[in-house]
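Peer 1: With the sequence up front, the predicted model follows.
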Amino acid sequence: MHDANAFFSNPATNPCGVIFHVIKIYITQWSTFLSLALLQAVSLFATSTVSSVIIGSFFFFVAIRNSGYDGSLASEVVIPLLLLIFASSIAIGWVWSIYTGAMIRAAVEICAGGTPSACPTVAIVSKRGCNMIGFQFLFGLLICGSALIVRLVLNWLGGGDAEDDDDFYNDNKPSSSVYSMLQSSSEPLSSGAIFLVCLSYAVFVFIINISMIGAIPTIVVEDTSSCSALLRSWNLCRKSICLIFLSVSSVNLLNTFIGFIFWAVTTATIDRLSALLFAAVVVFNFVILPITMITAAVLYLTLRVRFEGLTQSELSEALLLTRPQPSAPFATDDDDDNDKVTPLLQAELVTEVV
């Protein structure tokens, strides 16, 4: 069983401690995590199926209305199709975010000394689904925007212009990849600058991915907005980039090792039974899926305990697991009079009246 007091009194300072807490949390409420993983898989399958049916029906409707349909899309069809694809992506992302946040919420409740359940946890986290979707949109916009800026800088250093992107598929023009830019750059300074820009972008993406691991836990626990969660995660996680990287890498290596052993055992046991082998792989994915979410929750709480002095009681109050005891009502004059009238006194009064 997971010891909440030990988690707050002795937070993890190395990847081994993080993995130890992750395993203890998983074992404590394995049924809840497996239920959330199963609900997530079923919901994603249902959402993807409905989205595919809607998009397929749209194509079928267009093909019937246009008898001479040759596979090309008219301008009045492209916009509704893009809207359908965008809506489907939002729906799938929303489902994924809800159950990801539910697993993180369950892990945080266990650390606070609670006993989470699958359905109530999903109901609580679903109220913050828009914030999680907004964070994913902002994070993707940040990565894509920085990639576009790097692309423009590389074109400028390599002697290209803005028309290179439009003629990417033109065979008459040479390729404008980074490797070709390095080869075509005659000056060593230009080649070194291009390499430095690529290296800087790789480091930037690495740091951003590591420092954003606390964004979803921030939204789930602290109920912050998308922008606030991005800034909050950066300010919290930038102090322990190495710990987060080593912990996440260790968990991924552990999952890979377990997966390799599981695959070797199942292939040796289940020979020439592809259906059973496929079912075994699906079950294995269900089992290891919550580990990544628990790792994010453990790292988030560990950093808050180490740098902000978070306590178990504060976390319980933030999660509304503990509520203040209701105070007794104030005494009134009527209450004092009623207290003075005892059963014996009432009997004497009745006797006197009779």
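Peer 2: That came through fine.

Peer 1: burial count for Cys144?
Peer 2: Cys144: 10 surrounding residues under other C-beta atoms under 10 Å. Every C-beta, even on glycine, is put in place using the N, C-alpha and C of the backbone.

Peer 1: Over to the one 4 residues further on?
Peer 2: As a burial measure, the neighbour count of Leu148 was computed by other C-beta under 10 Å and equals 11.

Peer 1: Ok, the one 5 residues further on next?
Peer 2: Summarising burial for Val153: neighbours were counted as other C-beta under 10 Å, giving 16.

Peer 1: Tell me which helix or strand it sits in.
Peer 2: helix 129-157 (DSSP states H and E).

Peer 1: what stretches of the stretch 1-150 of the chain score poorly on pLDDT?
Peer 2: Residues of the stretch 1-150 of the chain meeting the criterion pLDDT under 70: 1, 62-77.

Peer 1: Which residue ranges of it form helices?
Peer 2: 4-9, 15-28, 30-65, 75-111, 118-126, 129-157 (DSSP state H, counting those that start in this stretch).

Peer 1: For these, give me JSON lines that also has distance to Lys239.
Peer 2: Putting the helices of the stretch 1-150 of the chain into JSON lines (distance: least, C-beta to C-beta, whole Å) gives the following:
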{"stretch": "helix 4-9", "distance to Lys239": "19"}
{"stretch": "helix 15-28", "distance to Lys239": "15"}
{"stretch": "helix 30-65", "distance to Lys239": "29"}
{"stretch": "helix 75-111", "distance to Lys239": "20"}
{"stretch": "helix 118-126", "distance to Lys239": "27"}
{"stretch": "helix 129-157", "distance to Lys239": "20"}
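
Peer 1: among these, which is nearest Asn235?
Peer 2: For Asn235, the closest of the helices of the stretch 1-150 of the chain is helix 129-157, at 15.0 Å, according to C-beta to C-beta.

Peer 1: Give the buried residues for that closest one.
Peer 2: 129, 131-136, 138-139, 150-151, 153-155, 157 (16 or more other C-beta atoms under 10 Å).

Peer 1: Over to stretch 236-246?
Peer 2: 236-237, 240, 243-245.

Peer 1: what does stretch 283-292 rub up against?
Peer 2: Outside of stretch 283-292, the residues that reach it under the criterion C-beta atoms under 8 Å, 6 or more residues apart in numbering are 22, 26, 33-34, 36-38, 40-41, 103, 107, 251, 254-255, 258-259, 262.

Peer 1: Could you check how many residues crowd around Ile291?
Peer 2: When counting by other C-beta under 10 Å, one arrives at 20 neighbours for Ile291.

Peer 1: For the helix or strand where it lies, buried residues please.
Peer 2: In this assignment (DSSP H and E), Ile291 forms part of helix 274-308. Burial within helix 274-308, assessed by neighbour count using 16+ other C-beta under 10 Å, is assigned to 277, 280, 284, 286-305.

Peer 1: what element comes up after it heading to the C-terminus?
Peer 2: helix 312-318.

Peer 1: residues near Tyr213, how many?
Peer 2: I think there's a mix-up here, since residue 213 is Ile and not Tyr. Residues lying near Ile213 (other C-beta under 10 Å) number 22.

Peer 1: check contacts around Phe139.
Peer 2: Taking C-beta under 8 Å, 6+ apart, one finds 208, 212, 215, 230 in contact with Phe139.
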